[in-house]
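Q: Sequence and computational prediction follow.
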Amino acid sequence: MMQEPKKRLFLVDAYALIFRGYFAFIKNPQINSKGQNTSAIMGFMNSLIDVIKRERPDHLAVCFDKGGSEARNEMFPEYKANRDETPDAIRFAIPYIYSILEAMKIPVMVKEGFEADDVIGTLAKKAEKEGYTTYMVTPDKDFAQLVSENIFIYRPVFGGGYETWGIPEVQKKFEVENPLQVIDFLGMMGDSSDNIPGLPGVGEKTAKKFLKEFGSMEALLDNTDKLKGKMKEKVEANREIGLLSKQLATIMLDVPVEFNEEDFEVCPPDTEKVLEIFDELEFRRLKDNFLKSFSVEAMASNGTSREPNDAENNAPTTKQKTSKVAERSKSAGQGQFSLFGGDGEAAANAKDFNTRATIENTEHFYQTVQPGMGAKLFFQNLMKQKSVCFDTETTSLNPLEAELVGIAFSWEKGKGFYIPFPENREETQQILEGLRPFFEDESIEKIGQNLKYDIKVLAKYDIAVKGKLFDTMLAHYLINPDMRHNMDVLSETYLNYTPVSITALIGKKGKNQRSMRDVDVVQQTEYAVEDADITLQLKEHFEKELGEANTQQLFDEIEVPLLRVLAAMELEGINLDKNFLNSLSAALDSDILQLEKNIYEEAGETFNIASPKQLGEILFGKMKLIDKPKKTKTGQYSTSEDVLSYLAKDHKIIRDVLEYRGLAKLKSTYVDALPAQIEPTTGRVHTDYMQTVAATGRLSSNNPNLQNIPIRTERGRQVRKAFVPKNKDYVLMAADYSQIELRVIAALSEEDNMIDAFKNGEDIHASTAAKVFNVPLEEVTREQRSNAKTVNFGIIYGVSAFGLSNQTDLSRTEAKELIDTYYKTYPKLRNYISSQIDFAREHGYVQTVLGRRRYLKDINGSNQVVRGAAERNAVNAPIQGSAADIIKLAMINIYNKLEEENYESKMLLQVHDELVFDVYKPELEKLKAMVKHEMENAYKLTVPLDVDLGVGENWLEAH
DNA sequence: GCGACCTCTTA
DNA sequence: GTAAGAGGTCGCC
């Protein structure tokens, strides 16, 4: 590997990496057949070999603690006193690690009575004088104090990758001028794991503030007159502790160790010995890795290697199959690899490691298609197929920014092809043009997992995906909506096959994640075609099940067509008035600052209001605003809205806290977050609708979530003004269903009293109040209507008297009475509810008007609480789900009309019972009529559906 | 850096 | 009482 001109020394912080390794596997401890927990050894060796492989250091040492720090213990006997017993797995690991290091001929540095930090610090400084650049290999941020122009922190990250901290990184991270100030920072803040006390009441934020203002611990202590209130008292009272903490946090640079260059030189390992130990520990994958890293060939690039850690580049993320969370890491990097070749039978022998088949032990024929003859033959064959599974590989999870890296195709189990694309956009486009006839062929069925993603990516290359679609993720969502639907889970569940992990190829998410572009083409092919192959096999599986569950129609007529609609809406995005939000942010800022001031004054000290824990301590621990404070399940004082609002009328500080919270939330979640989500390539925000998350059949929205933009409060509502039409020629239109869920329950229950109210166009809550409280409609009071409204909604959620009394001013008895009267008023509603529960008990599921099922495994459970929840689900799921079915139908029909009739206007958003459109002004009247008609007639109920339309220059006005 | 917890926003 | 997503803190090392 390349050698830099300057000599490089790597100093490895052994214990820190051992602990890190151990905890990385804490949820999935590595136990070998002898019952030994090898997590710590494995974790440490992974990091060490990774560093060696990446950096090929010529000078290297691993540093250990021995006997703790005499000096620090003398200063402060409690130093590190609160450490838990070292876990057994780590005790067990140490001698092995020593033997492995010995066999690898890696120098070990230990000095009795000193910590590894001090040894490393001393060596780094000495090496610096000798002209070395030193990399301290450690996850421990305390080392930041040692960073200089020649000394860096080198933090390995699991799954590959690392980050280097130099002076600029330390300055940024700790918000200091000089790395030495990190000592002051640590001293002020303290460190619970080392039991360094720090200044009481000073956490990360305050420490940074102090450093900016005073520069050092000493300067702070000399200028306490500039502080005020409680903080002043506390700092002054803890002068000594502050100075002691700083001393404890200081890494010593005068450990009696010498830096003799030759002692640190890296020698070839005693391979046989190393392998012997690895065999004993049953480290198969590590062994493999070690051999590859230390063989002569390892020095040259290795095109055919299947090892994941080869790519060195840092780059953006890759596509992830079903959701933003990468879940394919379960077996990555943990030596669970089976070395068995051959067929699936061998997998059965791999007990203790992995009982599932993998690409390693499954026969497959995956081919990379290169330009030329091969490509021609492939294409001819492709066009002959009736049904093909495909899967795109890209550089990003964000389809708007994703570059195509390759596309995999499969139409026969165990076989498939991969077309890689060059980095050059024009060339990629050219190759794609060759594939256009396939994608745009109406007669070839396209199969995929999460096709919405692939369709969006291809749309950016102006390729439409036509013909019948089969999305395995959607299919499984209908088969079992309560499960997760990412491909790896599906594969393991239905095919008993563990796919190649994406993290093995590109690393875990984070800034060190590599891009699919940097993975070699052989591995790209194996990974991508495997996905297409698996997806194809899943399709065979789900096709049958869809028929059995009788959800075929829902699949063909709702979910699959909707996928295209959502793709279009997401690609379109919505325009945001950034300037407006910026001014809103500034206004909020000043109000928040004022409230902060008030609260500190009322509390008599400063603290973090956003921390429920600190807030609870102040309000209930210190100020004792309440006799018997409510506690959360973790034993903290509860500071939730309903607790606080109860106290608001008596205490100004509570009112201020509530207002502070509201404003802080508004600012961080919406006003500041939304502009940051504007897509640079389009200047608009593009939410991602999740079609397979909500168990009831609703959509969900994320990145950003545009389904929870504030509307209830005046201040919050302002955010909606930031959602504006495309340009001057457009307006926004919002169309929402009026009381759709109540209409659904009225129709499903055939409750005439309620149906008539809807048919007569009555205000349903007032109508309910009139009937329940037995007063004429026009004499219903606000309070009566409000209570009736609460019950109406309560019914939808599966109400109990307890819940109802919590939501209203009514007592438990009054609530019960109200519910009883309610059921007398609407007798069929009660029957309907019990019939739903009975149905669920008998069949194990409930369903919507379109046959969307939700399985309720706890419906016959013996635990009352769990069963109660299942019963409420049995009531709610058909209602919420039917409403979701109806708006989905409406969306599909509206989208088709917009396309067929060549509207300029676009559908932009869905918020459960509302649709939002960018309306080209000349089309306004026509569109209004069309949308209203399609929504109101999407599905025929015995109750009319009613849609309200609003138009305006922004989303708020459109309501 | 990651997950658990708490809180808050919507329909 | 139903269904979601997201931000901040805190404790794990």
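A: Cool, the structure landed.

Q: right, and the helix or strand after the longest helix seen in chain A?
A: Longest helix in chain A by number of residues (criterion: DSSP state H): helix A:864-900. Later in the chain than helix A:864-900, the nearest helix or strand by DSSP states H and E is strand A:906-910.

Q: Residues contacting that following strand, please?
A: The contact list for strand A:906-910 (Cβ atoms under 8 Å, 6 or more residues apart in numbering) reads A:565, A:568-569, A:572-574, A:687, A:689, A:699, A:701, A:706-707, A:887, A:891, A:894-895, A:898, A:915-918. All C-beta spots, glycine's among them, are computed from the backbone N, C-alpha and C.

Q: Residue A:705 touches residue A:685, doesn't it?
A: No. Between residue A:705 and residue A:685 there is no contact under Cβ atoms under 8 Å: 10.8 Å.

Q: what about the two, which has more around it?
A: Shown here are residue A:705 and residue A:685; by other Cβ atoms under 10 Å, residue A:685 has more neighbours (21 against 15).

Q: how much space between that one and DNA strand B?
A: Computed as Cβ to the nearest atom of the strand, to the nearest Å, the residue A:685 to DNA strand B distance reads 16 Å.

Q: Let's see the pLDDT reported for that residue.
A: As predicted, residue A:685 sits at a pLDDT of 95.

Q: Show me what it is bridged to.
A: Residue A:685 has these beta-bridge partners by DSSP bridges: residue A:574, residue A:678.

Q: quick one: furthest residue from the center of chain A?
A: In terms of distance from the mean C-alpha position of chain A, residue A:776 ranks first, at 52.4 Å (Cα atoms, centre = their mean).

Q: Could you measure from the nearest residue to that residue once chain neighbours are set aside over to DNA strand C?
A: Excluding the flanking residues, the one nearest residue A:776 by Cβ to Cβ, 6 or more residues apart in numbering is residue A:770, at 6.5 Å. With distances taken as Cβ to the nearest atom of the strand, residue A:770 is found 19 Å from DNA strand C.

Q: residues in contact with residue A:690?
A: Each residue near residue A:690 by Cβ under 8 Å, 6+ apart is listed here: A:323, A:699-702.

Q: And the helices in the stretch 201-350 of chain A?
A: Residue ranges of the helices in the stretch 201-350 of chain A, as given by DSSP state H, counting those that start in this stretch, are A:204-214, A:217-222, A:229-237, A:239-249, A:271-281, A:284-294, A:344-349.

Q: If you tally nearby residues, what's the number for residue A:922?
A: Residue A:922: 11 surrounding residues under other Cβ under 10 Å.

Q: Leaving out chain neighbours, which residue sits closest to residue A:457?
A: Closest to residue A:457 by Cβ to Cβ, 6+ apart is residue A:399, at 4.8 Å.

Q: Pull out the buried positions in stretch A:549-565.
A: A:549, A:551-552, A:554-555, A:558-565 (16 or more other Cβ atoms under 10 Å).

Q: Over to stretch A:177-197?
A: Buried residues in stretch A:177-197, counted by 16+ other Cβ under 10 Å: A:179-191, A:194, A:196-197.

Q: Closest one of these to DNA strand B?
A: Nearest to DNA strand B, judged by Cβ to the nearest atom of the strand, of the buried residues of stretch A:177-197 is residue A:191 at 11.8 Å.

Q: Just confirm residue A:87 contacts residue A:21, I think it does.
A: No. Counting by Cβ under 8 Å, residue A:87 stays clear of residue A:21, with 11.6 Å between them.

Q: Spell out which residues are contacts of both of those two.
A: Joint contacts of residue A:87 and residue A:21 (Cβ under 8 Å, 6+ apart) are residue A:40.

Q: Comparing the two, which residue is more hemmed in?
A: Higher neighbour count among residue A:87 and residue A:21: residue A:21, with 26 against 16, using other Cβ under 10 Å.

Q: my read is that one is in a strand, agree?
A: No. Assigned with DSSP: H, G, I helix; E, B strand; the rest coil, residue A:21 falls outside any strand and is helix.

Q: And residue A:598, how close does it get to residue A:456?
A: Counting by Cβ to Cβ, to the nearest Å, the gap from residue A:598 to residue A:456 is 48 Å.

Q: Oh, that last question was meant for residue A:35, not what I typed.
A: Distance, residue A:35 to residue A:456, using Cβ to Cβ: 49 Å.

Q: helix or strand for the residue nearest to residue A:457, which one?
A: Here residue A:399 is assigned to no helix or strand, by DSSP H and E.

Q: residue contacts, residue A:43?
A: Residue A:43 makes contacts with A:17-18, A:20-22, A:24-25, A:158, as judged by Cβ under 8 Å, 6+ apart.

Q: One more pass at 6 Å, please.
A: Residues near residue A:43 by Cβ atoms under 6 Å, 6 or more residues apart in numbering: A:21-22, A:24.

Q: And the residue of the stretch 801-950 of chain A found nearest DNA strand C, which helix or strand is it part of?
A: Nearest to DNA strand C, among the residues of the stretch 801-950 of chain A, is residue A:803, at 3.4 Å (Cβ to the nearest atom of the strand). Assigned by DSSP H and E, residue A:803 falls within helix A:801-807.

Q: and if you look at residue A:833?
A: Judged by DSSP H and E, residue A:833 forms part of helix A:827-843.

Q: try residue A:791
A: Residue A:791 belongs to helix A:782-797 when assigned by DSSP H and E.

Q: counting contacts, what elements does that helix pack onto?
A: Counting contacts by 3 or more Cβ pairs under 6 Å, 6 or more residues apart in numbering; DSSP states H and E, helix A:782-797 packs against helix A:764-772.

Q: mind checking how far the helix it packs on is from the chain centre?
A: What separates the centre of helix A:764-772 from the centre of its chain is 44 Å, taken as Cα atoms, centre = their mean, to the nearest Å.

Q: helices or strands up against that helix?
A: Here helix A:764-772 touches helix A:782-797, helix A:812-825, going by 3+ Cβ pairs under 6 Å, 6+ apart.

Q: and the stretch 601-750 of chain A, which residues reach DNA strand B?
A: Contact residues (Cβ under 7 Å from any atom of the strand) of the stretch 601-750 of chain A with DNA strand B: A:612, A:616, A:632-634, A:636, A:638-641, A:644, A:658, A:661-662, A:665-666, A:669, A:707-713, A:716.

Q: Now cross-check those against DNA strand C and list the overlap.
A: Contacts with DNA strand C are made by A:612, A:669, A:708 out of these, judged by Cβ under 7 Å from any atom of the strand.

Q: Tell me which helix or strand comes right after the worst-scoring helix or strand of chain A on mean pLDDT, heading toward the C-terminus.
A: Within chain A, no helix or strand scores below helix A:344-349, which has a mean of 33 by mean pLDDT, DSSP states H and E. Downstream of helix A:344-349, the first helix or strand assigned by DSSP H and E is strand A:365-368.

Q: how close does the residue of the stretch 801-950 of chain A closest to DNA strand C sit to residue A:915?
A: Distance, residue A:803 to residue A:915, by Cβ to Cβ: 31 Å.

Q: Tell me which of those two has more neighbours.
A: Higher neighbour count among residue A:803 and residue A:915: residue A:915, with 23 against 15, using other Cβ under 10 Å.

Q: quick one: pLDDT of the nearest residue to the more buried one once chain neighbours are set aside?
A: With sequence-adjacent residues excluded and distances taken as Cβ to Cβ, 6+ apart, residue A:915 is closest to residue A:735, at 5.0 Å. For residue A:735, the pLDDT comes out at 97.

Q: Report the secondary structure state of residue A:735.
A: Secondary structure assignment for residue A:735 (three-state DSSP): strand.

Q: Let me know the distance separating it from DNA strand C.
A: To DNA strand C, residue A:735 is 20 Å away according to Cβ to the nearest atom of the strand.

Q: How about residue A:289?
A: Distance from residue A:289 to DNA strand C, by Cβ to the nearest atom of the strand: 24 Å.
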